[in-house]
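Participant: Next input, structure requested:
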Amino acid sequence: MSERGKRTDEPRHRVRIPGFTREDTEVGLGDAVARMTTAVGIRPCGGCGRRAESLNRWLVIGGVRTPR
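Facilitator: Model (predicted):
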């Protein structure tokens, strides 16, 4: 399998948005979407959980800055 096709536990992308989360926490994109949709009254289904897991593997928001 090529390097691109390998799955890892680490998210592919990390984004720091000041004020979005506390400095010591991280939120996956899927969790953020789930919170927003629940807040506006959309009830989650089985597909929502799979989508959230996939988005969490793709992008993480917040957390401490990691050195390159």
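Participant: rest of the way, CA atoms for contacts and neighbours
Facilitator: Fine.
Participant: In terms of helices and strands, where is residue 31?
Facilitator: Taking DSSP states H and E as the criterion, residue 31 maps to helix 29-39.
Participant: Buried residues of that helix, list them for me.
Facilitator: Buried residues in helix 29-39, counting neighbours by 16 or more other C-alpha atoms under 10 Å, are found at 29-31, 33-34.
Participant: if I read this right, residue 54 contacts residue 31, doesn't it?
Facilitator: No. Residue 54 is not in contact with residue 31 according to C-alpha atoms under 8 Å; the separation is 10.3 Å.
Participant: rewinding a little: who are the packing partners of the helix holding residue 31?
Facilitator: Judged by 3 or more C-alpha pairs under 8 Å, 6 or more residues apart in numbering; DSSP states H and E, helix 29-39 is in contact with helix 46-58, strand 59-62.
Participant: Next, format those as CSV and append mean neighbour count.
Facilitator: Shown next, in CSV, are these (neighbours: other C-alpha atoms under 10 Å):
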stretch, mean neighbour count
helix 46-58, 15
strand 59-62, 20
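Participant: Any idea which of these has the lowest pLDDT on average?
Facilitator: Comparing mean pLDDT over the helices and strands packed on helix 29-39, the weakest stretch is strand 59-62, at a mean of 86.
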